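Q: Coordinates only, no sequence provided:
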């Protein structure tokens, strides 16, 4: 086997660490426990970092570190689930539309067009208004908004593949329609989706945080990296950690997914670029 | 270079050449050229000469190094290629020049014709402008003059309605038309050397015939030397005065075309000729003549003569010593012909 | 060429109609009684029933949708429940404000991204650094970047205003946020296209014609890089014009996004519908504009059916 | 006579085109009233330049396209429609396509590629060891003995991949071999090896063969009967050596004259007069294929007269073996070319 590229190793390591944290979350304590006596100082302001509160306390006297760990757990769950749902739906739509031309294709692709025409964040807010806060809401929103782009990618790829010699050879050998999809189209589409999904997961993490920040995702008291930032925003001048810590956590998680994506791309060696000028 | 009368009318209205020097010496002289891509040696110690007004065919199959040699000489290989050896064009030592220095005069020295004109022409720029920019940059013409010179150049290569064609984009032209545009670009400044990399391989046989006819016609009018890369012995027969056969990065035979066809002195050359002759005259359904085995993979350099594994008369010496390019006995060759081959048994083949 | 464009236009219209239908259905599933939104202080149910009757709210969904769609075709987006003004009069000026931000954002991302892409392609030494910058910018969510810029340039250095509003000074930070968020996408496109172009046979032909590096970059490479970048610009302009909600919220930039967010909180259905429709139309319109632009840049796309 | 065996003389043609036309969605007429027949046990060569319609004939023969007019028959019966209907027919057709880098699925192992026809038609050997042996044996027969069954196509050269494609074409014991320019993207020396493999396979397995190429010389060596195509029509059909030595249609002769000489002494293209702009490829676009009632070669033909531009030449059968579509055919007297 070729050596794993460093990006893949680094990204996977960070993801593993986050997953570890997520699973061990309960060991850190109760994210909603308020300790008004110790957590808040004499003037009612949250106490800074200390041994008991490594990241300090938030405005309601809760342990910021515990909430951060639960926030990571939420973001990771949302990213993995909504990434899977949006890609499975998108790939299926793209594959069906690409292979069964005619009315099926037109119907599916017009739905994809609608998905792509939706004003991104706004549509998320509108859907949010319709559902009660929580992880399921965020996953539904992300799935509804994220499936159309992979669908368009897969549709284009299937159209290109249909023209390729080996697909026509499959047909000329007498292979049935579904057999061609299963044996020739699906593997190529799968490897394309494997390369795309880290990018999709990274966008899901960022979008979940954005939705929660706009209180259209996971609302307090449940801890989410997004709503922790919107809560901490008011204390930005005297307790910046309440914004910086969740911010960095989101970036770490997103970066981990992106690195995995870069690693996957680097793993299958496409042609090295030749160049005739430039330094 | 200002052109003396020499019968052929100068191709374009005014070409300010290399400070007025008339062309001196051979169009191209290569000695000891090596091209390496990383650890893979594509061209090994190759030497070759193209006289003014002469067509030299560089023959070889995929991976023989023929393209690396020709483009290496014209300094058109990507930066990842390590090129060494002496290259002089029209008497000027080009290999010694810096990139900037060479760039200034390269268009006046060597014109290049690529194999796939579709890829070699910019898809989003009208062909007229792509021809005209040579004049604009090097012949000091303004935009309008360059456009006129471009239309004249297109007319030179027998394109009907050149003014209309000049406004079209490459994808709107037929294969033959695109190749004519490439030729027009290459001969724009009547350079002493033309390097053509299999220009007719991608064309239909009737279009190829026209392009060969056109090149034959231009050759008579221009005094340029042409280095023509091909793997088709028919094209060599049609166009070349002199031929060099390459195998596994080395020149294995070189000589006048008649000598090569009448008395090939290297088994690979003989094999190529027999393959084509048998293809054209053998009975229907009978097996075709074939050179057994396959060429060495890039980077793989067997001991001794590279052709040994495929040679019907290989002996022990062939396995030990890689034969150098030696003159073939004058009896078999033409008097003073310079027919040379890299084979321990070169005299026994014809 | 016209056939290809009309086909795209029809698909675009279908998409817009689809968005309208979807938004309309969603709006009606929204819990809460619009009548209360109109007269929050009214306590007697009679008054509320009267309002509901006036707005035909008790008629079946289909009739209300047909009614709404009919008005829409006549350019009447209805009246805001809360501000009792026509939706168009509310959205109009806001559209301009968001438009200015969208344009500034796109210009910023093209310049920053383009520069990063060109640097990464031409100067090998810088490539890893640009790669790291791209990854970092991709990893940071838009509101985190916004807050960071606000924290640094607003609070700490005091250069940029921290209060909302749509003045030129207030434009800098939100536009920079958009620019930095979009930059990696453009850097990627420009780098990929430039590398393809520099490795292409037509650049080798240009080199063989003794043209200078800068001439080749300007006259041969640039145009081939423009085409995919233009498609991306069309996509971005379309999506930004539907209100860069997050940036507008973080910087309190009075555009459509902010209007929509508030309208959602106030259950002001016509405004929300209005902004969604404007958004969808913007996306479709600018995709078409990008297609036309691409046809001028790359003649091969003219014949594409 | 041709290599047709006695037993099959009376049998219906394996593949027959009966006044077949094909117009693509964009309006382009790729085939215009084609009548051709691949006799049982025989071999038919289609030769023509790009845009002549020869590849469309292959696509119709493989059932990848349906004719817009006329009838296609396989062993006398009409081509069924739909994938399931075509399956039994497709089992009998082995094919080798032009681009070895495109016709093999880069994600499948060599074993799965070659054994795919067995799995499609549920023949023994689709899976498991029995299949491995079958594949290994066939790979040996096509010049890849001891090839690693678990390797991927990317490891093989153009010639190697074409051998894998031939093994795939033969594994389900077809009765017909359809080859669409199988060697045009290979080197000349590799071409001979691949062509010899195809000729051996045809002889050993008694296959009929439809062979398509732009290379006149190659067609003359591979096919008993040759059909010359241009602009979507058949201009001439006849035995390979007669087509070469004494063509009837001016286009056939023009094609032969365009082939480069054998020896520098017989050089004729490079000195202008022989081929001086005869084909006028200086004109921008490809031949108009929609010239309904005129000879499609009229605007490039040196012998063209008014009649050729207003009337479509019917197909004239000179005898049981030869036919051509030309008002002013060449007679035997004019050999027309000096052969090297």
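A: Received, thanks. Please read all numbers here as calculations on a predicted model, not as lab measurements.
Q: rest of the way, CA atoms for contacts and neighbours
A: Noted.
Q: In contact with the residue nearest to the spatial centre of chain D, which residues?
A: For chain D, the residue lying nearest the average C-alpha position, counting by C-alpha atoms, centre = their mean, turns out to be residue D:212 (1.5 Å). For residue D:212, the contact set (C-alpha atoms under 8 Å, 6 or more residues apart in numbering or on different chains) comprises D:45-47, D:54-55, D:58, D:179-181, D:219.
Q: Would you mind listing what in the stretch 51-200 of chain C touches chain B?
A: Residues of the stretch 51-200 of chain C lying close to chain B by C-alpha under 8 Å from any C-alpha of the partner chain are residue C:200.
Q: Point out where the stretch 51-200 of chain C drops to low pLDDT.
A: Judged by pLDDT under 70, the stretch 51-200 of chain C has its weakly predicted residues at C:164.
Q: List, one by one, the residues from it near chain A.
A: Remark: the part of the stretch 51-200 of chain C in contact with chain A comprises C:121-124, C:135-136, C:138-144, C:151, C:155, C:195-196, C:198-199, using C-alpha under 8 Å from any C-alpha.
Q: which stretches of the stretch 101-250 of chain B form strands?
A: Counting by DSSP state E, counting those that start in this stretch, the stretch 101-250 of chain B has these strands, from start to end: B:110-113, B:193-197, B:225-230, B:242-247, B:250-256.
Q: Please produce CSV containing those, extended by mean neighbour count.
A: Rendered in CSV, the data for the strands of the stretch 101-250 of chain B read as follows (neighbours: other C-alpha atoms under 10 Å in any protein chain shown):
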stretch, mean neighbour count
strand B:110-113, 28
strand B:193-197, 25
strand B:225-230, 26
strand B:242-247, 25
strand B:250-256, 26
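Q: Same list (the ones you listed) but as a markdown table, adding mean pLDDT and distance to residue A:152.
A: Formatted as a markdown table, the strands of the stretch 101-250 of chain B follow (pLDDT from 0 to 100; distance: least, C-alpha to C-alpha, whole Å):
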| stretch | mean pLDDT | distance to residue A:152 |
| --- | --- | --- |
| strand B:110-113 | 94 | 40 |
| strand B:193-197 | 95 | 40 |
| strand B:225-230 | 95 | 44 |
| strand B:242-247 | 95 | 48 |
| strand B:250-256 | 94 | 50 |
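Q: just to revisit the earlier point, looking at the contacts of residue D:212, which one is closest to chain B?
A: Each of the contacts of residue D:212 was scored against chain B by C-alpha to the nearest C-alpha, and residue D:219 proved nearest at 8.9 Å.
Q: Ignoring the adjacent residues along the chain, who's closest to the closest one?
A: For residue D:219, the nearest residue in space outside its immediate sequence neighbours is residue D:45; the separation is 5.9 Å by C-alpha to C-alpha, 6 or more residues apart in numbering or on different chains.
Q: what pLDDT does residue 268 get?
A: Let's take chain A. The model reports residue A:268 with a pLDDT of 65.
Q: I was thinking of chain D, sorry if that wasn't clear
A: Each residue has a pLDDT score; the one for residue D:268 is 80.
Q: wait, it sits on residue B:239?
A: No. Applying C-alpha atoms under 8 Å as the test, residue D:268 and residue B:239 come out as separate, 9.4 Å apart.
Q: Looking at these two, which is more packed in?
A: Neighbour tally, residue D:268 and residue B:239, criterion other C-alpha atoms under 10 Å in any protein chain shown: the higher count belongs to residue B:239, 27 against 23.
Q: near chain B at all, stretch C:223-241?
A: Yes. Residues of stretch C:223-241 contacting chain B under C-alpha under 8 Å from any C-alpha: C:223-224.
Q: So residue B:85 belongs to a strand, correct?
A: Yes. Residue state for residue B:85 (DSSP: H, G, I helix; E, B strand; the rest coil) corresponds to a strand.
Q: Give me the neighbour count for it.
A: The number of residues packed near residue B:85 is 17, by other C-alpha under 10 Å.
Q: what is the nearest residue to it once chain neighbours are set aside paired to in the beta sheet?
A: Of all residues not flanking residue B:85 in the chain, residue B:33 sits nearest, at 4.2 Å (C-alpha to C-alpha, 6+ apart). Residues found in beta-bridge contact with residue B:33 (criterion: DSSP bridges) are residue B:46.
Q: show me the contacts for residue B:33.
A: Residue B:33 makes contact with B:43-47, B:69, B:83-87, according to C-alpha under 8 Å, 6+ apart.
Q: Now tabulate those residues in JSON lines and tack on pLDDT and distance to residue C:245.
A: Output for the contacts of residue B:33, formatted as JSON lines (pLDDT from 0 to 100; distance: C-alpha to C-alpha, whole Å):
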{"residue": "B:43", "pLDDT": "94", "distance to residue C:245": "61"}
{"residue": "B:44", "pLDDT": "92", "distance to residue C:245": "64"}
{"residue": "B:45", "pLDDT": "92", "distance to residue C:245": "67"}
{"residue": "B:46", "pLDDT": "93", "distance to residue C:245": "67"}
{"residue": "B:47", "pLDDT": "92", "distance to residue C:245": "69"}
{"residue": "B:69", "pLDDT": "95", "distance to residue C:245": "60"}
{"residue": "B:83", "pLDDT": "93", "distance to residue C:245": "57"}
{"residue": "B:84", "pLDDT": "93", "distance to residue C:245": "60"}
{"residue": "B:85", "pLDDT": "93", "distance to residue C:245": "64"}
{"residue": "B:86", "pLDDT": "94", "distance to residue C:245": "65"}
{"residue": "B:87", "pLDDT": "94", "distance to residue C:245": "64"}
